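Visitor: Next comes the sequence, and after it the predicted model I'd like to discuss.
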4 protein chains.
Amino acid sequence: MQSATSLIEVRYAETDQMGVVHHSHYPVYFEQGRTEYFQQFLQPYQEFEAQGLFAPVLSYQVELKGRLTYGDTLTLRTKPSHFKGLRVVMSYRGFNSDTLVVEGTSTHALAGPNLAPLHPRNLPPCYQFLKEKLENAL
Amino acid sequence: MQSATSLIEVRYAETDQMGVVHHSHYPVYFEQGRTEYFQQFLQPYQEFEAQGLFAPVLSYQVELKGRLTYGDTLTLRTKPSHFKGLRVVMSYRGFNSDTLVVEGTSTHALAGPNLAPLHPRNLPPCYQFLKEKLENAL
Amino acid sequence: MQSATSLIEVRYAETDQMGVVHHSHYPVYFEQGRTEYFQQFLQPYQEFEAQGLFAPVLSYQVELKGRLTYGDTLTLRTKPSHFKGLRVVMSYRGFNSDTLVVEGTSTHALAGPNLAPLHPRNLPPCYQFLKEKLENAL
Amino acid sequence: MQSATSLIEVRYAETDQMGVVHHSHYPVYFEQGRTEYFQQFLQPYQEFEAQGLFAPVLSYQVELKGRLTYGDTLTLRTKPSHFKGLRVVMSYRGFNSDTLVVEGTSTHALAGPNLAPLHPRNLPPCYQFLKEKLENAL
């Protein structure tokens, strides 16, 4: 399956007093990976929102396999790993040069404006587009 | 003039690899100071937004006089320092125990929903309330 | 088992364009919960670091059960849920008034300065203190 | 005078409930601009730190001329605007396409490890390198 690749330069502000990237920045990197995946393989995420489809995070997990610091560039590979109904799971693997430094997943609900639940009879037209693209990708 | 006092415990995530609070967190502390000022002397800021009055930041400045680190508590004093028409300036002084560590100001525009400009003939009712409170405070 | 309780006021800066707290802030709230737990039941975390014992995050997970927005106060309950050797797991449950809005865990390695691995024969004296406290708590 | 250009894609996490980039992220963008300037015209900033020269922020100001939102790319131009002794001022202008959206400056002290003051008789060798480069640039 195809994944999107993002190159993310670590920002000084993202380090903490241990001298490494603070763990809370990884979900932000993952989000940047999703932005890239949507842009490359679906359509820009903001267009889904403009068309009434939102994908808020329900849960996520981050597993640190190494450390990043200022001066490093994270190579992040992002792809969908599960899709069913109104639930999407995205997966992430991040490398510093060739060394795996982080893995994770995020689970998203598909929802309407103001995060209102969507009902099967009342899905925005772009839902069908997303469904086909994700089913083909998986 | 009266100021609101906020006690803000430095978060580990707010430190950087120099071992001190990264400078980009001070405007977030200032915002927490404004939240406190509004709550104590005006009305909660979210009620202004709910009534159609927004106060986005136009500009701000931060002057570091010392350093904060994890384990420190910032004592932040917040007050308005200027108000005219649709422009408000707030001022901040922050202390670590008795030592001044930061000073700053933020300038805000008063605006409508979606940050639309307000016109003098079409101000939300809470504008008058804000005006009187701020003029009395200054 | 006893948990530490933190009251955390949501900051405006922590909301995103969906109008709710961005999911990446929950690990920062959890960290604030750990700070409180250490302070109340162990010793301030910075003292462990000063004594040569660090607890970097190895992995974590966040499960959103509801949403928080500006004006809300998160009541976060933090406690250890597992301890063995050089591995500690902490657990978090967060409430908005009485409604559960977030659950999560974080797994920590115990390490030395510069995140160097610790060897059983060469543990800093505060390790024994931590071990006893955590074993009693569990 | 030459400036470094950074292209910075706005992250979803950087928006707030007003639907625009929260003002506290601009100093982080500026820092990314400095990283680029150092890399292109001086040497990577982390090498200065490795050689014992640190440039902590003393003060900064941010002036918003427009708004950025998710999906926008900030084109940031960064250059030094003042240098004397142990003080450096950097200047920033940020554009969304051709529209100016932000201006600012940051003032830095040159300091030693642990932010210790530097004394004229005891400057790290890379200070001279920095001095020559900045004086030529200005």
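Guide: Nice, thanks for sending it over. Numbering: from 1, shown residues only, chains lettered A, B, ... in the order given.

Visitor: Please count neighbours and contacts with C-alpha atoms only from this point.
Guide: Fine.

Visitor: what about A:Ser59, which SS state?
Guide: strand (DSSP: H, G, I helix; E, B strand; the rest coil).

Visitor: Setting aside sequence neighbours, what's the nearest residue to it?
Guide: C:Glu63 (4.3 Å; CA to CA, 6 or more residues apart in numbering or on different chains).

Visitor: Go ahead and list the helix or strand containing the one you found.
Guide: strand C:57-64 (DSSP states H and E).

Visitor: Show me what counts as buried in the next helix or strand along the chain from that strand.
Guide: For strand C:57-64, the following helix or strand on the C-terminal side (DSSP H and E) is strand C:73-84. Neighbour-count burial for strand C:73-84 flags C:Thr73, C:Leu74, C:Thr75, C:Leu76, C:Arg77, C:Thr78, C:Lys79, C:Pro80, C:Ser81, C:Phe83 (criterion: 16 or more other CA atoms under 10 Å in any protein chain shown).

Visitor: How about stretch A:92-101 and chain C, any contact?
Guide: No. Under the criterion of CA under 8 Å from any CA of the partner chain, chain C is not reached by stretch A:92-101; the shortest gap measures 10.8 Å.

Visitor: Convert the C-alpha atoms of that stretch to CSV, please.
Guide: Listed next in CSV are the C-alpha coordinates belonging to stretch A:92-101 (Å, rounded to 0.1, in the frame of the first residue of the first chain):
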residue,chain,number,x,y,z
TYR,A,92,2.6,6.3,11.0
ARG,A,93,6.3,5.3,10.9
GLY,A,94,8.9,8.0,11.4
PHE,A,95,12.6,7.7,10.7
ASN,A,96,15.7,9.7,11.5
SER,A,97,17.9,8.9,8.5
ASP,A,98,17.3,5.1,8.4
THR,A,99,16.6,4.6,12.0
LEU,A,100,13.0,4.1,13.1
VAL,A,101,12.3,6.6,15.9
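
Visitor: what pLDDT, on average, does that stretch get?
Guide: Taken as a whole, stretch A:92-101 carries a mean pLDDT of 97.

Visitor: Residues touching it, excluding its own?
Guide: A:30, A:33, A:64-68, A:72-79, A:102-105 (CA atoms under 8 Å, 6 or more residues apart in numbering or on different chains).

Visitor: So for chain A, the centremost residue is which one?
Guide: A:Arg34 (3.3 Å; CA atoms, centre = their mean).

Visitor: same for the helix ranked longest in chain A, what does it pack against?
Guide: Scanning chain A for the helix with the most residues, using DSSP state H, yields helix A:26-41. Applying 3 or more CA pairs under 8 Å, 6 or more residues apart in numbering or on different chains; DSSP states H and E, one finds that helix A:26-41 contacts strand A:4-9, helix A:45-50, strand A:57-64, strand A:73-84, strand A:87-96.

Visitor: Reformat those as a markdown table; add distance to B:Leu130.
Guide: Output for those, formatted as a markdown table (distance: least, CA to CA, whole Å):
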| stretch | distance to B:Leu130 |
| --- | --- |
| strand A:4-9 | 44 |
| helix A:45-50 | 34 |
| strand A:57-64 | 37 |
| strand A:73-84 | 47 |
| strand A:87-96 | 45 |
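
Visitor: C:Pro125 is nearest to which of those?
Guide: strand A:57-64 (27.1 Å; CA to CA).

Visitor: So which elements touch that closest one?
Guide: Short answer (3+ CA pairs under 8 Å, 6+ apart): strand A:57-64 packs on helix A:26-41, strand A:99-109, strand C:57-64.

Visitor: in its sheet, what does that strand sit against?
Guide: Its sheet considered, strand A:57-64 pairs with strand A:99-109 (antiparallel), strand C:57-64 (antiparallel) by DSSP bridges.

Visitor: Done for today, thanks.
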